[in-house]
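Visitor: Here is my input, please return the structure:
(chains A, B, C and D)
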There are 2 protein chains.
Amino acid sequence: MKYKILIIDDEEMILSMMEKCLGEEFSVYTAENAKKALELLNVIPDIILLDINMPEMDGLELCQLIRGHISCPIIFLTARVTEGDVIKGLSVGGDDYITKPFRMDELLARISAHLRREERKGTAENLRFDEELIIDYNSRTVFYGKEQLDFSNKEFEIIRFLSQNAGMVFDRETIYEKLWGYNGEGDSIVVKEHIRKIRNKLSVHTDKNYIETVWGVGYKWAK
Amino acid sequence: MKYKILIIDDEEMILSMMEKCLGEEFSVYTAENAKKALELLNVIPDIILLDINMPEMDGLELCQLIRGHISCPIIFLTARVTEGDVIKGLSVGGDDYITKPFRMDELLARISAHLRREERKGTAENLRFDEELIIDYNSRTVFYGKEQLDFSNKEFEIIRFLSQNAGMVFDRETIYEKLWGYNGEGDSIVVKEHIRKIRNKLSVHTDKNYIETVWGVGYKWAK
DNA sequence: CAGATTTTCGACAATTTTGCGCCAAGTGAT
DNA sequence: ATCACTTGGCGCAAAATTGTCGAAAATCTG
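Guide: Model (predicted):
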């Protein structure tokens, strides 16, 4: 299975050149503007090369729009070399940048570096940061800032399950089955109760609601 | 189309019992050893039940062998209940385990839980971009640009259904049956109401009419 | 074993969604 | 233009879901 690479640039020449150079090793998708790119994003690529300088919606804006929904690495292509652009690019969620004109072997090296890093990520994480909240899955401890929070066993299990699948919605049944194991009886309303306790303990320290209710469906960890 | 289920166990009695119990609901394939199982795997099943304790190649080895090539859920059947086995099973790519002897209804519940989860995974993309509108089917969120829109459960279901079948026209009856389930009563006029609410919420942000009315027929998601 | 902590449970309150009647507005055919 | 029919808009009440609380049952600790 080839890696999918999406290239967004308004210069046709660059697109066709890239396609020729990268086509053997990757499945290359190209878009000459943000609108086309958004359509193509229904298939999520493994890496994105994004030109900053484009008419209508520029690369920085596009990046800002899709970041948060898509986690793959984004490399900016830019002719401008001002430091401001770089900082801006990284601050809207870019992972790297490379200035035009560039050598093809350098681009290739960067791409594979990012893909390798992404692959390693897949190995279960044992630590999670979110603003001030730190969850250590190894030692089963939770900190808010420097202060350690105290969660019971079941409470921590729920936190672990939801936070490790942040953004995904689970109904109470599913949470119950996952954490208690299936046993004919057993009532998933206990989940609700534990979540209340978790929320209470968190609310002492922050207003942010980490466990969101999705009405009529279930709960999810805020992304 | 029935789900295909592959059962691998060296006890003939178990195989025939399972076949009898699951045969109506599923297409059951059975194998009494790893070798036979590998042959049957030319047809990829939707779920695998795999006994750990078998002569020659045991379930754990078999699992390790096929995992990486086959992504369907694998449930271990085991007489041993040591925690070590469970961990080992899960670490070689199993998804669940159930200890013998087990109740048939429990096994059935587990099977359908996994199939359900698998189905959700498989359904097309879990993200849709259309101009500035972003629909995230996993987290059940909708964004217009950077702003999150708030839809109720049923509203989101309608959005999901229509947008995942963009361009297709559905009459209200069909939409109602699809999302509410066809339980005789109930009036498809509520669909109209929900669609109005969806349109209202969208119209705050854009003039584009995502849900088009096909006069005298029904509605469709603008392509 | 006694006391503390955690987990579970049931009932009720608070909130949100859903369903539906009614009439206005829009559409197409004659 | 008029008629017959379909769709849209509004508001309120019923229904469903979630949140809260107190207390019992189970589990852990020393």
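
Visitor: residues making contact with the helix or strand harbouring A:Val142?
Guide: Taking DSSP states H and E as the definition, one finds A:Val142 inside strand A:141-144. Strand A:141-144 is contacted from outside by A:132-136, A:148-149, A:151, A:156, A:159, A:202, A:205-206, using C-beta atoms under 8 Å, 6 or more residues apart in numbering or on different chains. (C-beta placed from N, C-alpha, C; glycine too.)

Visitor: And for stretch A:46-61?
Guide: Applying C-beta under 8 Å, 6+ apart, the contact partners of stretch A:46-61 are A:3-11, A:14, A:18, A:33-35, A:62-63, A:65, A:70, A:72-80, A:85, A:88-89, A:92, A:94, A:107, A:111, A:114-115, A:118.

Visitor: Of the residues you listed, just the buried ones, PyMOL syntax please.
Guide: This is the PyMOL syntax for the buried subset of these, where burial follows 16 or more other C-beta atoms under 10 Å in any protein chain shown:
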select buried, chain A and resi 3+4+5+6+7+8+9+10+14+18+33+34+62+63+65+70+72+73+74+75+76+77+78+85+88+89+92+94+107+111+114+115+118
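
Visitor: ok, and of the contacts of stretch A:46-61, which contact chain B?
Guide: The subset of the contacts of stretch A:46-61 within reach of chain B, by C-beta under 8 Å from any C-beta of the partner chain, is A:Lys35, A:Leu65, A:Ile70.

Visitor: Closest one of those residues to A:Ala222?
Guide: A:Ile70 (17.8 Å; C-beta to C-beta).

Visitor: Now that closest one: closest residue in space, sequence neighbours ignored.
Guide: Spatially, and ignoring its direct neighbours in sequence, A:Ile70 is nearest to A:Ile44 (5.9 Å; C-beta to C-beta, 6 or more residues apart in numbering or on different chains).

Visitor: Can you give the domain ranges for chain A?
Guide: A:4-121, A:127-221 (automatic domain parsing).

Visitor: Off-centre distance for the shortest one?
Guide: Translated: domain A:127-221. 20 Å (C-alpha atoms, centre = their mean, to the nearest Å).

Visitor: ends of that domain, how far apart?
Guide: 15 Å (C-alpha to C-alpha, to the nearest Å).

Visitor: avg pLDDT for that domain?
Guide: Average pLDDT, domain A:127-221: 88.

Visitor: closest point of chain A to chain B, which residue?
Guide: A:Gly216 (3.2 Å; C-beta to the nearest C-beta).

Visitor: In contact with that residue, which residues?
Guide: A:Gly216 sits next to B:Ser152, B:Asn153, B:Lys154 when contact means C-beta under 8 Å, 6+ apart.

Visitor: Specify which member of the residues you listed is nearest to A:Asp171.
Guide: Among those, B:Asn153 lies closest to A:Asp171 (C-beta to C-beta), at 11.0 Å.

Visitor: what residues does chain A put near DNA strand C?
Guide: Within chain A, the positions near DNA strand C by C-beta under 7 Å from any atom of the strand are A:150, A:152-155, A:180, A:186-187, A:189-190, A:193-194, A:197, A:215-216.

Visitor: quick revisit: out of the domains of chain A, which one sits most buried?
Guide: Of all the domains of chain A, domain A:4-121 carries the top mean neighbour count, a mean of 17, counting by mean count of other C-beta atoms under 10 Å in any protein chain shown.

Visitor: State the pLDDT value of A:Thr82.
Guide: A:Thr82 is given a pLDDT of 68.

Visitor: What does the pLDDT read for the residue nearest the centre of chain A?
Guide: Geometric centre of chain A, nearest residue: A:Ser71, 3.3 Å, by C-alpha atoms, centre = their mean. For A:Ser71, the model assigns a pLDDT of 82.

Visitor: Any figure for the gap between A:Asn209 and DNA strand C?
Guide: Here A:Asn209 is placed at a distance of 12 Å from DNA strand C (C-beta to the nearest atom of the strand, to the nearest Å).

Visitor: For that residue, give me its contacts.
Guide: A:Arg199, A:Ala222.
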